[in-house]
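Asker: sequence plus the predicted model coming up.
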Amino acid sequence: QVQLVESGGGLVQAGGSLRLSCAASGLTFSRYAMGWFRQAPGKEREFVARITPSGAGTDTADSVKGRFTISRDNAKNTVSLQMNMLQPEDTAVYYCAAAEAPRSYAAAYRYWGQGTQVTVSS
């Protein structure tokens with residue numbers, strides 16, 4: 001049974017930082033690309049960042065480029081999202097997901113976590 005469990009969300013002031021983590025179990029983690037997505041109330045789920053199975057390749061959405069960084073530790077079966085210079089528009093539920101290839105669209109991801117809330121106050 002595959003499980004992805006996010007942690008690290010919370011309330012932060014604009015300009016602050018948070019680090020999200022996602023712990024994976026029940027799958028051969030090093031064989032999967034990982035992604036972070038987010039969904040704000042009343043909006044579609046959107047791509048935030050992705051990383052290749054080895055961790056050698058990463059990509060972030062234009063809206064977070066230069067502020068967010070994705071990384072992974074295959075020895076610990078974890079993927080992280082470092083979020084700096086947070087803005088109110090970053091407020092959303094953040095999800096980690098696993099896929100066989102590092103795509104930027106949600107439909108490509110087979111396994112999903114339950115999400116963690118990030119709220120940025122102005």
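Answerer: Right, received. Where do you want to start?

Asker: local confidence estimate at the residue sitting furthest away from the middle of the chain?
Answerer: Here the centre of the chain is the reference, and by CA atoms, centre = their mean the most remote residue is S122, at 22.4 Å. Among the per-residue scores, S122 shows a pLDDT of 93.

Asker: any idea how far the most centrally placed residue in the chain is from Y95?
Answerer: The geometric centre of the chain, computed from its C-alpha atoms, lies nearest to W36 (CA atoms, centre = their mean), at 2.5 Å. Here the distance between W36 and Y95 works out to 7 Å (CB to CB, to the nearest Å). No exception for glycine: its C-beta is placed from N, CA and C like everyone else's.

Asker: can you check L4 too?
Answerer: Here the criterion is CB to CB. By it, L4 lies 8 Å from Y95.

Asker: can you check which residues contact both of the two?
Answerer: Between them, L4 and Y95 share these contacting residues under CB atoms under 8 Å, 6 or more residues apart in numbering: 112-114.

Asker: appreciated, that's everything.
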